[in-house]
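Trainee: Need coordinates for the following:
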Amino acid sequence: MSSDEQGRPRKTLTIKKTARDAHAEDAPKRTRTGARARLVAQIERTKENVERQKDPVGYQRRQEEDARGARKPSAGGRSGPGRTQAPRAGQSERGQYDRGSSDRYPSDRGSSGRGASDRGPAGRASSDRGSSDRGSSDRGSSSRGQSSRGRTDETRRDAAPASRSARPQQRAPRLRDDQYIAPATPSGRFYDPFEDDGPAPEFAPKPEYAQEPEHAQEPEFTQEPEFAQEREYARERAPAADTRSRRPREPRQAEIFNVFAPCPLGLEEALTAEMQALGYDDAQAGRAGCSFSTDWSGVQRANLYSRLATRILVQVAHAEISHEDDILDLARDTPWERWFGAEQTLRVDTSAIKSPVQSLQYCNLRAKDGICDRLRELEGERPSIDTVRPDARVHLFLTGHTATLYLDTSGESLFKRGWRLDKGEAPLRENLAAGMLALAGWDPAAPLLDPFCGSGTILIEAAWIALGVPPGISRPFGFERLRDHDAYRWRDLKDDARARILPQLDAPLVGYDLDPQAIEFAQNNAERAWLTADSIRFEVGDARNVTAPADHGWIVTNPPYGERMGTEQDSDLWRDWAACLKRNFAGWQLHVITSDLTLPNQMRLKPKRRVPLHNGSLDCRLFGFELVAAGYRDA
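Mentor: Residues are numbered from 1 along each chain as shown. Below is the predicted model:
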């Protein structure tokens, strides 16, 4: 059974303090070492800096008293209410010195500024309250705590009338000395929330001064040089805020590429003029094309807007060669991994002009091997070859003793707009048809007639030119399958192009052909080109019997010639057609492409202009005639 159940009295163990314990309490505390000691020392230094900045004169006076007190012998024993008690370790001495200084130096109560507020009644109250709070937090002795609280209550009652009614007295939480660090203000002074320094400046009533000049009304602290000097010192010692300004990032310079745009022979000047109109000011005509420089966005724009170019080739390497194996080294040193990789299919084409190489096929093989070897070394695999629809196309161009490697950004040839699926007999390429309109000088606001329209290539190209439809708006391009293709930017470029398309034509476009199937093909192609039925008028008719739809305009046509024409019908057709033109189309301009160089003589018309062109493998001429009223006699 337990002792409580037996009713036995409980014994309480009492430990009495001996003289040795009392001596141990009065002895100085054990010196701390390590991180805690450094933290305590830092807190003490911070408090000293605060006191020195708030009251430099009082701080200097307290330092002198501490030095004199250290030389005097300290009185032993416990201090009563009427005795002066030395501060314990860890307790701030500011409260006691403030009370002593206010008694010894009564003249300081009349001084102005922050020092006066510290030494006035409110200052004594705040300092005593801080001392009492720190004293009561010490758990060393109960009698000392009671005496401190008693003195605190008396001080609070005495300081109550002195507090300002405009702002309530600030009550700070009871914290230990190592829990508070006064924050710094922008002016360099330190603000202490335990100090009652009166209302904020914006709410303080303005004192009534006699009317003085504006330059005479200066701040109060300017009358005390010692405080101004201390404030200046504190402002210099205050930590400076990091005000580094962030420099705006410089725009990234776009990479510029050398570009070559091939075209049918005879359209070089027209293509150069078109590129300059698109914004490529440095475009220069060359053999079977033109060259210019632009960034990657310009490469995309050239593919989208060019009507005359066959491809847009970006130059990626150029060097002099003396042997076919030099082509292998040139291809191996080119960074193809930037554009495509082993996961994509590849095709290489080679062309040459006045090159001493023996075999273009062997040069094509050397270039392909160099590309595949580089990708295999970098990515562990070589790309597959696809000659029908490859993901990447590379063109090798040889001239003299130089070799140039081009990256094809177009894919399929640019004359494939995407709308011509039904082809008539001997169709005309779209870029050649657009080139004929450009060389003829056709005004998009003027009527246009094609008496041998076939599948409607010339008229559909004319309609797109008049409406402002980009030729590549409905087709894919090779650069869309390359690495790092920006699909969003490309979509924005096409949306901007679509927004510029006109809703309808201003002038009639008319086409005739004897073959009904050719007219059907032309209508289907126009529908796939997003042209309405009233945009172009296709009719079955004979060119020898057509009438003019307007008083003036252009006739641009590709009549049958070569294998399409029988020799026995040539003279009759051209003579009858010329008679129709002389009767019905006075004031019109006629432009005809043909491989028959005797056509002007058969029509008994004198050409004003002839331009060499190539329609595929045929060497042709674009003859230009001006039909003048009453200028011809009936044939």
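Trainee: Near L459, how many residues? Count them for me, please.
Mentor: Using other C-beta atoms under 10 Å, L459 is surrounded by 29 other residues. (Each C-beta comes from the backbone N, C-alpha and C, glycine too.)
Trainee: Next: R429.
Mentor: 17.
Trainee: Also D534?
Mentor: Applying the criterion other C-beta under 10 Å, we find 9 residues in the vicinity of D534.
Trainee: try the one 4 residues further on
Mentor: Per other C-beta under 10 Å, the neighbour tally for F538 reads 24.
Trainee: need the contact list for it.
Mentor: F538 sits next to C453, G456, L459, G511, D513, I519, A522, Q523, A526 when contact means C-beta atoms under 8 Å, 6 or more residues apart in numbering.
Trainee: hmm, try it at 6 Å
Mentor: G511, I519, A522, Q523 (C-beta atoms under 6 Å, 6 or more residues apart in numbering).
Trainee: give me the beta-bridge partners of it?
Mentor: For F538, the beta-bridge partners are G511 (DSSP bridges).
Trainee: Next one: it from D443, what distance?
Mentor: Counting by C-beta to C-beta, to the nearest Å, the separation of F538 from D443 is 22 Å.
Trainee: ranges for the strands of the stretch 201-350 of the chain?
Mentor: 257-262, 284-286, 289-294, 313-320, 346-353 (DSSP state E, counting those that start in this stretch).
Trainee: Relative to P600, which of these is closest?
Mentor: Closest of the strands of the stretch 201-350 of the chain to P600 is strand 284-286, at 27.4 Å (criterion: C-beta to C-beta).
Trainee: can you tell me the average pLDDT over stretch 539-556?
Mentor: Averaging pLDDT along stretch 539-556 gives 94.
Trainee: ugh, wrong one, stretch 435-442
Mentor: 96.
Trainee: Tell me the buried residues in it?
Mentor: G435, M436, L437, A438, L439, A440, W442 (16 or more other C-beta atoms under 10 Å).
Trainee: hmm, back to that, take the contacts of F538 and keep only those in strands.
Mentor: Counting by DSSP state E, these place G511 in strands.
Trainee: Out of the contacts of F538, name the ones that lie in helices.
Mentor: I519, A522, Q523 (DSSP state H).
Trainee: Outline the domain layout of the protein.
Mentor: Residue ranges of the domains in the chain are recorded as 92-206+221-229, 257-408, 430-626, according to automatic domain parsing.
Trainee: what does stretch 377-397 contact?
Mentor: By C-beta under 6 Å, 6+ apart, stretch 377-397 touches 313, 337, 340-342, 344-351, 367, 372, 375-376, 404-406, 408, 481.
Trainee: which of the residues you listed are buried?
Mentor: Buried members of those, scored by 16+ other C-beta under 10 Å, are 313, 340-342, 344-348, 350, 367, 372, 375, 404-406, 408, 481.
Trainee: how about the domains of the chain, which one is nearest Q42?
Mentor: Smallest distance to Q42 across these (C-beta to C-beta): 9.2 Å, for domain 92-206+221-229.
Trainee: thinking again about what came up before, between the ones in helices among the contacts of F538, which sits nearest T557?
Mentor: For the ones in helices among the contacts of F538, the nearest to T557 is A522 (13.3 Å; C-beta to C-beta).
Trainee: Can you tell me the closest non-neighbouring residue to the closest one?
Mentor: Nearest non-adjacent residue to A522, counting by C-beta to C-beta, 6 or more residues apart in numbering: G456, 3.1 Å away.
Trainee: Correct me if wrong: the one you found contacts N525.
Mentor: Yes - G456 is in contact with N525 according to C-beta atoms under 6 Å; the separation is 5.4 Å.
Trainee: what about those two, which has more around it?
Mentor: Using other C-beta under 10 Å, the more surrounded residue of G456 and N525 is G456, with 32 against 24.
Trainee: And the domains of the chain: which comes nearest V57?
Mentor: Ranking the domains of the chain by proximity to V57 (C-beta to C-beta) places domain 92-206+221-229 first, at 6.4 Å.
Trainee: what mean pLDDT does the closest one have?
Mentor: Across domain 92-206+221-229, the average pLDDT comes to 45.
Trainee: Please apply the same query to stretch 604-618.
Mentor: 92.
Trainee: what's the helix or strand encompassing A466 packed up against?
Mentor: If you go by DSSP states H and E, A466 is part of helix 457-467. Packing partners of helix 457-467 (3 or more C-beta pairs under 6 Å, 6 or more residues apart in numbering; DSSP states H and E): helix 430-440, strand 448-450, strand 509-513.
Trainee: want to throw those into JSON lines with distance to L502?
Mentor: Listed next are the helices and strands packed on helix 457-467 as JSON lines, based on distance: least, C-beta to C-beta, whole Å:
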{"stretch": "helix 430-440", "distance to L502": "17"}
{"stretch": "strand 448-450", "distance to L502": "16"}
{"stretch": "strand 509-513", "distance to L502": "14"}
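Trainee: The ones you listed: which one's closest to D619?
Mentor: helix 430-440 (13.3 Å).
Trainee: So which residues make contact with the closest one?
Mentor: Against helix 430-440 from outside (C-beta under 6 Å, 6+ apart): 264, 267, 270, 307-308, 415, 417, 457-458, 461-462, 556, 591, 611, 622.
Trainee: report the angle between the axes of that helix and helix 457-467?
Mentor: Calculated by axes from the mean of the first three to the mean of the last three C-alpha atoms, to 10 degrees, helix 430-440 forms an angle of 70 degrees with helix 457-467.
Trainee: For stretch 273-280, what does the pLDDT average out to?
Mentor: Stretch 273-280 shows a mean pLDDT of 96 in the predicted model.
Trainee: buried ones in that stretch?
Mentor: Neighbour-count burial for stretch 273-280 flags E274, M275, L278, Y280 (criterion: 16+ other C-beta under 10 Å).
Trainee: ok, back up a step: would you mind getting the angle between the helix holding A466 and strand 509-513?
Mentor: Computed by the same axes, to 10 degrees, the angle separating helix 457-467 from strand 509-513 equals 170 degrees.
Trainee: in the stretch 351-500 of the chain, which ranges drop under the pLDDT threshold?
Mentor: Scanning the stretch 351-500 of the chain for pLDDT under 70 picks out 424, 426.
Trainee: circling back to that earlier point, could you save the contacts of F538 as a markdown table and add columns showing neighbour count and pLDDT?
Mentor: Listed next are those as a markdown table, based on neighbours: other C-beta atoms under 10 Å; pLDDT from 0 to 100:
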| residue | neighbour count | pLDDT |
| --- | --- | --- |
| G511 | 29 | 96 |
| I519 | 22 | 94 |
| A522 | 26 | 94 |
| Q523 | 18 | 94 |
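Trainee: Out of the contacts of F538, the closest to S355 would be?
Mentor: Looking across the contacts of F538 and measuring by C-beta to C-beta, the closest to S355 is A522, at 42.6 Å.
Trainee: Could you verify my assumption that the closest one touches S455?
Mentor: Yes - taking contacts as C-beta under 6 Å, A522 lies within contact range of S455: 5.3 Å.
Trainee: Now do the helices in the stretch 501-635 of the chain.
Mentor: Taking DSSP state H, counting those that start in this stretch to define them, one finds helices in the stretch 501-635 of the chain at 516-528, 567-584, 599-603.
Trainee: returning to that earlier point: same list (the strands of the stretch 201-350 of the chain) but as a markdown table, adding distance to E381.
Mentor: Formatted as a markdown table, the strands of the stretch 201-350 of the chain follow (distance: least, C-beta to C-beta, whole Å):
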| stretch | distance to E381 |
| --- | --- |
| strand 257-262 | 28 |
| strand 284-286 | 38 |
| strand 289-294 | 33 |
| strand 313-320 | 21 |
| strand 346-353 | 12 |
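Trainee: quick one: I321 from G289, how far?
Mentor: From I321 to G289 the distance is 22 Å (C-beta to C-beta).
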